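**Q** need a 3D model of the following:
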Amino acid sequence: MKFVDQVQIEVEAGNGGDGCLSFRREKYIPRGGPDGGDGGTGGNIYLQADQRVNTLVDFRFKRIFKARNGHPGEGRNKTGKSAYDLFVKVPIGTLAYDKYTGDMIGDLISQGSTILVAKGGCSGQGNARFKTSINRAPRKTTSGGKGERRELNLELKLLADVGLLGLPNAGKSSLISKSSSARPKISDYPFTTLSPGLGVVRVSDIQSFVMADIPGIIEGASEGAGLGLQFLKHLERTRLLLHVIDISEVDEGQFWRERYAVVINEINRYSKVLANKPCWVVMNKVDLVDKTVVALFEEKLRREGCKLPIFSVSAVTGEGLKKLLEDIAQWFDEESERK
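**A** Below is the predicted model:
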């Protein structure tokens, strides 16, 4: 299924039903009073978060959503039937904005959460409502109100605890595949990952967290190069970032600029919010190099001013992965206690 994280839709709530003009007409009651009932209310439209929906792709094919109108009132003081509300299912993590004002209407961050995006029209009043001691046979009624119509921008930001970032082919997809039940496409060439992916990492029976993988970031991403920029927003909700680095194909001179500084610089240019998130460095593919090389690269990072926690792992053999995941779980526990 194609991953879509931005769409425009149109919503139109139902109109209210008109009030009824009616008078009681029965045998032996020649001048019965007014008995016109009120109309029903129009249907509201809600957005509802549903964990079974993973992308906004369906909205590419259906962009207009209309709720039903309320039924008109009837004689004998019968109120018209109100229309059912319309619930539009969206992925958890969807934000809704008014297309023209840019105002955020709501943020759906939990299963079943709802926001009202278009209010149905109010019910019209029947002539029975206007009977007074002076006017015993009113012919006045009111029409049902118009339903609200809006155009919305929907934006999906994935909900994850840990976000993976790095250059293309750094081994992020292999890492999430080895750590969780997620099975992304994995190949030995850049930009294998074309859309974000999520995986649930279970450290123990009571400890788990969600990990997100996005396409690799290249130099110039903050200006639109590559694929990573358009998906960086999916890391804005994460609590911890893992900067994954491939140390198997670099020499010491190239390491700092090509395997570390490029990504950090692009993140800083893209968003200060993202740049200020806690971040750990994960040197991946250590099974392909000598231990002395791993130590050399870590020393290089420290000399260049990197003060972040550094881990050495192999997403293929699993070396160092258990410690990394356990430390992440422990960090989350300590963070929760601090709050």
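
**Q** helix or strand: which one has Val262?
**A** Element membership of Val262, judged by DSSP states H and E, is helix 262-270.

**Q** report the central residue of this protein.
**A** Gly93 (2.3 Å; CA atoms, centre = their mean).

**Q** and that one, how close does it get to Asp107?
**A** For Gly93, the distance to Asp107 equals 8 Å [CB to CB, to the nearest Å]. Where you see a C-beta, it was placed from the backbone N, CA and C, and this is true even at glycine.

**Q** list the residues that contact both of those two?
**A** Applying CB atoms under 8 Å, 6 or more residues apart in numbering, one finds that no residue jointly contacts Gly93 and Asp107.

**Q** in stretch 323-339, which residues are buried?
**A** Residues Leu324, Leu325, Ile328, Ala329, Trp331, Phe332 are the ones in stretch 323-339 that count as buried (16 or more other CB atoms under 10 Å).

**Q** quick one: low-confidence residue ranges for the stretch 51-200 of the chain.
**A** Where the stretch 51-200 of the chain drops to pLDDT under 70, the residues are 181-195.

**Q** about what we covered before: and which of the buried residues of stretch 323-339 is nearest to Ala67?
**A** Among the buried residues of stretch 323-339, Phe332 lies closest to Ala67 (CB to CB), at 41.8 Å.

**Q** residues in contact with the closest one?
**A** Asp161, Phe209, Arg239, Leu240.

**Q** repeat for Gly112
**A** Gln48, Ala49, Asp50.

**Q** now, which of the residues you listed lie within helices?
**A** Judged by DSSP state H, helices contain none of the contacts of Gly112.

**Q** ok, and the most crowded of those residues?
**A** Ala49 (22 neighbours; other CB atoms under 10 Å).

**Q** out of everything not next to it in sequence, what's closest to that residue?
**A** Nearest non-adjacent residue to Ala49, counting by CB to CB, 6 or more residues apart in numbering: Leu108, 3.8 Å away.

**Q** also Asn153?
**A** Tyr97 is the one closest to Asn153 (CB to CB, 6+ apart), at 4.5 Å.

**Q** am I right that the one you found is in contact with Val117?
**A** No. Tyr97 lies out of contact with Val117 (CB atoms under 8 Å); the separation is 10.5 Å.

**Q** joint contacts of these two?
**A** Common neighbours of Tyr97 and Val117, counting by CB under 8 Å, 6+ apart, are Ile105, Leu152.

**Q** right, and the helix or strand after the strand or helix carrying Lys178?
**A** Take DSSP H and E as the rule and Lys178 turns out to sit in helix 172-179. The helix or strand immediately downstream of helix 172-179 is strand 197-202, counting by DSSP H and E.

**Q** parallel or antiparallel, list what pairs with that next one.
**A** Strand 197-202 has the following strand partners under DSSP bridges: strand 208-213 (antiparallel).

**Q** which elements pack onto the very next helix or strand once past the partner strand?
**A** Using DSSP H and E, the helix or strand that follows strand 208-213 towards the C-terminus is strand 240-246. Applying 3 or more CB pairs under 8 Å, 6 or more residues apart in numbering; DSSP states H and E, one finds that strand 240-246 makes contact with strand 162-165, helix 172-179, strand 279-284, helix 321-338.

**Q** could you rerun that using 7 Å?
**A** Other elements packing on strand 240-246 under the criterion 3 or more CB pairs under 7 Å, 6 or more residues apart in numbering; DSSP states H and E are strand 162-165, strand 279-284.

**Q** check which residues of it are buried.
**A** Those would be Leu240, Leu241, Leu242, His243, Val244, Ile245, Asp246, for strand 240-246 by 16+ other CB under 10 Å.

**Q** what of stretch 287-305?
**A** Buried-residue list, stretch 287-305, by 16+ other CB under 10 Å: Val289, Val293, Val294, Phe297, Glu298, Lys300, Leu301.

**Q** pLDDT value on the fifth one, please?
**A** The per-residue pLDDT reported for Glu298 equals 85.

**Q** just the third one next, same as before
**A** The model reports Val294 with a pLDDT of 86.

**Q** that one contacts Val313, correct?
**A** No. Using CB atoms under 7 Å, Val294 is not in contact with Val313, being 10.2 Å away.

**Q** intersection of neighbour lists for these two?
**A** Listed contacts common to Val294 and Val313 are Val286; contacts here mean CB atoms under 7 Å, 6 or more residues apart in numbering.

**Q** against Gln111, how distant is Ala261?
**A** For Ala261, the distance to Gln111 - CB to CB - is 40 Å.

**Q** how about Ser123?
**A** 33 Å.

**Q** next: Gln207.
**A** 21 Å.

**Q** more neighbours, the two?
**A** Gln207 (15 against 11).

**Q** pretty sure the more buried one contacts Gln330?
**A** No. With contacts defined as CB under 7 Å, Gln207 does not count as touching Gln330, sitting 8.7 Å away.

**Q** so Arg60 touches Gln8, yeah?
**A** No. Applying CB under 7 Å, one finds Arg60 not in contact with Gln8, separated by 10.0 Å.
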